[in-house]
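Colleague: return a 3D structure for these sequence lines:
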Amino acid sequence: KKNMDFKKVALSEADFKKTGNAAGLQYKLTPFSIPIPCDDNHKLDGISCRPSNGFAGYYYDEKFTKEKVVLHFTVGHLKADIYSLSNKSRGHVSTAFVLGRDGTVYQLFSSAAWSYHLGRNAKGGNTVQSKTSIGIEISNYGPLIKKGNDLETVYSKNGRKDVYCTTDDTNEYIKLPKKYRGYQYYTKFTNEQYDSLILLLRYLTATYKIPRLFVSESGRYETSSADSADFKGICSHVNFRTDKIDIGPAFDWERVITGVTKELINDI
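Modeller: Reported below is the predicted structural model:
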């Protein structure tokens, strides 16, 4: 991974959208615009993103009844995220969607299909739960480690320094009142990502008749079957595994819940 501070992240995203090239792998980018069922005012706009060489071995083209949507963040930047979720070395480990920091919705495969996205020891079983859920990855570096005035990514190690921003860049990170699963500083999500995520969740819940329910506040950041395997609605990776941090309290859940659950969206 290259050193990617927040300014370079934006440039890298723009380059991918222009060239379709990530880590030397070329992608075919095809824009789409789909009506959101039961919402005459809005459409889901995005880009279908497929390896140009035709490789499709990162997902299974099999359909199962979808019961939930699981939110993740990538701990990376868009080019690396897309490549990681669609190259031959990873096997069938991917998600249907990746949200760029500029709000672009990238679809890696049909949301009716599936791929492993929860991992071993996931509550309810990785296979069963991956088949019946739709995974969304939000492009975001996640945890940041404070060293002096710098906030470094988890890729700072073995003598390599990867600074995402400084503590003066207050628009780029969130400092939690206390640590969540070992970290107190987290990369901030963008307004564009929140807006796109709300539309995407409205589309998916309407299309697959998934309840517009969210894990209760008391269980939102916990790992239990009641909040994941047995839950029908919208949850996140932390509900399935104790060793994950996506998505914790450095996320505006109330903004997303309000946007997804209200009857009509007049102005997002």
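
Colleague: in this structure, where's the longest helix?
Modeller: If you go by DSSP state H, the chain has its longest helix at helix 191-208.

Colleague: SS state for the residue sitting nearest the centre point of the chain?
Modeller: The residue lying closest to the centre of the chain (C-alpha atoms, centre = their mean) is residue 137, at 1.9 Å. Assigned state for residue 137: strand (three-state reduction, DSSP: H, G, I helix; E, B strand; the rest coil).

Colleague: do residue 14 as well
Modeller: Per three-state DSSP, the local secondary structure of residue 14 is helix.

Colleague: tally of neighbours for the nearest residue to it once chain neighbours are set aside?
Modeller: Among residues not flanking residue 14 along the chain, residue 102 sits closest, at 7.6 Å (C-beta to C-beta, 6 or more residues apart in numbering). Placement of C-beta: from N, CA and C, glycine included. By the criterion of other C-beta atoms under 10 Å, residue 102 has 16 neighbours.

Colleague: got phi/psi on residue 102?
Modeller: As for residue 102, its main-chain torsions (degrees, to the nearest 10) stand at phi -90, psi 10.

Colleague: quick one: contacts for it?
Modeller: With contact set as C-beta atoms under 8 Å, 6 or more residues apart in numbering, residue 102 has these partners: 10, 13-14, 17, 190, 192.

Colleague: now for those: which two are most distant?
Modeller: The distance between the two most remote of the contacts of residue 102 (C-beta to C-beta) is 15.0 Å, for 17 and 190.

Colleague: ok, those two, which is more surrounded?
Modeller: It is residue 190, of residue 17 and residue 190, that has more neighbours when counted by other C-beta under 10 Å, with 20 against 16.

Colleague: would you agree residue 127 falls within a strand?
Modeller: No - applying three-state DSSP, one finds residue 127 to be helix, outside a strand.
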